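1. Build me a structure from this.
(one chain, ligands or ions: 1)
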Amino acid sequence: MTELAGKHIVLGLSGGIAAYKAAELCRALVKEGASVQVVMTEAATQFMTPVTLQALSNRPVVMSQWDAREPNNMAHINLSREADAILVAPASADFMAKLLHGRADDLLSLMCLARPMDTVPLIVAPAMNREMWQHPATQRNVAQLKADGTHVLAVGTGDQACGETGDGRMLEPEEILQDLIAFFTPKTLQGQHWLITAGPTFEAIDPVRGITNLSSGKMGFAIARAAAEAGAQVTLVAGPVHLPTPRGVQRVDVVSAQNMHQAVMNASDAATVFVATAAVADWRPATAAEQKLKKDGSGQVPALSFVENPDILAGVAQSARAQSGALYCVGFAAESHDLLAHAKAKRERKGVPLLVGNIGPATFGQDDNALLLVEASGTQELPRNSKRALAQQLVAEVAQRLKARP
Ligand code: CTP
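-> Residues are numbered from 1 along each chain as shown. This is a model prediction of the structure:
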């Protein structure tokens, strides 16, 4: 993926031990297609050498406003005018205090002050000891920086380099990268609340066995990420899967279809869009044994009987809010053959405006997929692509339909 292709990022480092993460961040930005110009404060060079960052960014690092390599000797102007964003990571407590007061006694702070505020956003990733982070002075500075139009990223929590535990760590490079990609995404879903189901369900037979399926949850998680990036509030009800929660998404973990049904019912009143990507088990064992079923040596197999699970999508689609148009429902159909015919029939059976068909065995667990959008008015293919790209396309398609509604 090259999601930052064409973007020029000025990556600023102030002094902090988290500077070691900036090397990986720089590499990740370049890998996503961005061009990166690194600017370091003198304190930052105590933690990381400019040589490392020059090698990773493929450009000489700039550290001083007196750098004679700039023909007009105005590095602060030249560097900030070219940027699509200035990203300061790590942003130390001291550097944020400087920003707040408009101080400009080193190149990085001078450049932040001299940037055209309307066209060059400033994003900072704070990094400091937990006591420094909690200090009223820092919290005041964060609030004022936000009020001044600076985009202040969250901090991480957990073990700190100093040996203490708490809030204040810099986010991991991958998290900062995701936040930056989200920052650049047009907010087409502002004010929307998406409720998404994803993954398989697990229906217990006894305490150690159960029935499940091969759904990995990747498609649903990718849709959750794309919707959150487009500005929606997102609740993701996830069956048992091993996937990290997309940034900014509220995740509710469930196991069985009944759990999933309950979680969806709890959240559906607040939702404006419901996307059911989960591969919900159609049936569950009528009773789950409290103790492990044992072989008794007779060669007899246990007689399992099943009951049907609630159809979560059909239930939500029949609710008053869905019927009135306040809640837009999108179903998925995982088929093994005759995709178009099955998807059309399923759309009508489930009573949803949009049903997205895919071939289950060709996509379960894979990183790519192909989608067929089926509506009353016709069908549209989204050709084979990564689930990430398809999720972004699907979110854009739904956003268009929501906008076109009376
Ligand atoms: N779905 C649901 N609750 C169920 C079963 C399915 O919400 N108990 C949703 C799925 O999340 C998906 C859609 O309904 O969005 C279709 O799921 P699928 O398994 O393809 O269809 P089924 O209803 O199970 O029909 P069939 O088994 O006949 O293919």
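2. how near is residue 298 to residue 385?
-> 53 Å (Cβ to Cβ, to the nearest Å). From N, CA and C alone the C-beta is placed, and that goes for glycine too.
3. who has more neighbours, the two?
-> residue 385 (15 against 6; other Cβ atoms under 10 Å).
4. Let me know the helix or strand that the more buried one is in.
-> Element membership for residue 385, per DSSP states H and E: strand 378-386.
5. Helix, strand, or coil at the closest residue to residue 354 other than its chain neighbours?
-> Nearest residue to residue 354, sequence neighbours excluded (Cβ to Cβ, 6 or more residues apart in numbering): residue 330, at 4.8 Å. Here residue 330 takes the strand state, with states given by DSSP: H, G, I helix; E, B strand; the rest coil.
6. residue contacts, residue 330?
-> 273-276, 352-356, 398 (Cβ atoms under 8 Å, 6 or more residues apart in numbering).
7. which of those come close to the ligand?
-> Among the contacts of residue 330, the ones lying near the ligand by Cβ under 6 Å from any ligand atom are residue 276.
8. Using TSV, please lay out the contacts of residue 330 together with distance to residue 303.
-> Formatted as TSV, the contacts of residue 330 follow (distance: Cβ to Cβ, whole Å):
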residue	distance to residue 303
273	43
274	37
275	38
276	32
352	37
353	42
354	41
355	36
356	38
398	45
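9. closest to residue 67 among the contacts of residue 330?
-> residue 398 (48.9 Å; Cβ to Cβ).
10. The closest one reaches residue 328, doesn't it?
-> Yes - in terms of Cβ atoms under 8 Å, residue 398 counts as a neighbour of residue 328; the distance is 7.1 Å.
11. Return the residues of the stretch 101-250 of the chain in contact with the ligand.
-> Checking the stretch 101-250 of the chain against the ligand by Cβ under 6 Å from any ligand atom, the hits are residue 197.
12. Tell me which residue of the stretch 101-250 of the chain lies closest to the ligand.
-> Of all residues in the stretch 101-250 of the chain, the one sitting closest to the ligand is residue 197 (5.7 Å; Cβ to the nearest ligand atom).
13. Not counting sequence-adjacent ones, nearest residue to that residue?
-> Nearest to residue 197 is residue 278, by Cβ to Cβ, 6+ apart, at 3.7 Å.
14. residue contacts, the one you found?
-> Residue 278 neighbours (Cβ under 8 Å, 6+ apart): 197-201, 215, 217, 220, 237, 239, 260, 312.
15. Could you measure from it over to residue 311?
-> With Cβ to Cβ as the criterion, residue 278 and residue 311 are 12 Å apart.
16. Show me what the helix or strand hosting the residue of the stretch 101-250 of the chain closest to the ligand is packed against.
-> Secondary structure assigned from DSSP H and E places residue 197 in strand 193-198. Judged by 3 or more Cβ pairs under 8 Å, 6 or more residues apart in numbering; DSSP states H and E, strand 193-198 is in contact with helix 218-229, strand 233-238, helix 257-268, strand 273-276.
17. how about the helices of the stretch 51-200 of the chain, start to end?
-> Using DSSP state H, counting those that start in this stretch, the helices of the stretch 51-200 of the chain run over 75-82, 93-101, 107-114, 130-134, 136-147, 173-184.
18. and these, which is most packed in?
-> Ranked by mean neighbour count under mean count of other Cβ atoms under 10 Å, the helices of the stretch 51-200 of the chain are led by helix 107-114, which reaches a mean of 22.
19. Show the average pLDDT along it.
-> For helix 107-114, mean pLDDT is 96.
20. CA atoms only for it, dumped as PDB, please.
-> Output in PDB follows, covering the C-alpha atoms of helix 107-114 (Å, rounded to 0.1, in the frame of the first residue of the first chain):
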ATOM      1  CA  LEU A 107      14.800  25.600  13.700                       C
ATOM      2  CA  LEU A 108      12.000  23.200  14.600                       C
ATOM      3  CA  SER A 109      10.000  25.700  16.800                       C
ATOM      4  CA  LEU A 110      10.800  28.500  14.400                       C
ATOM      5  CA  MET A 111       9.500  26.500  11.500                       C
ATOM      6  CA  CYS A 112       6.300  25.500  13.400                       C
ATOM      7  CA  LEU A 113       5.600  29.200  14.100                       C
ATOM      8  CA  ALA A 114       6.400  30.300  10.600                       C
END
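21. could you dump the helices and strands packed on strand 193-198 to CSV with mean neighbour count and distance to residue 61?
-> As requested, those are exported to CSV (neighbours: other Cβ atoms under 10 Å; distance: least, Cβ to Cβ, whole Å):
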stretch, mean neighbour count, distance to residue 61
helix 218-229, 27, 30
strand 233-238, 25, 38
helix 257-268, 19, 47
strand 273-276, 27, 44
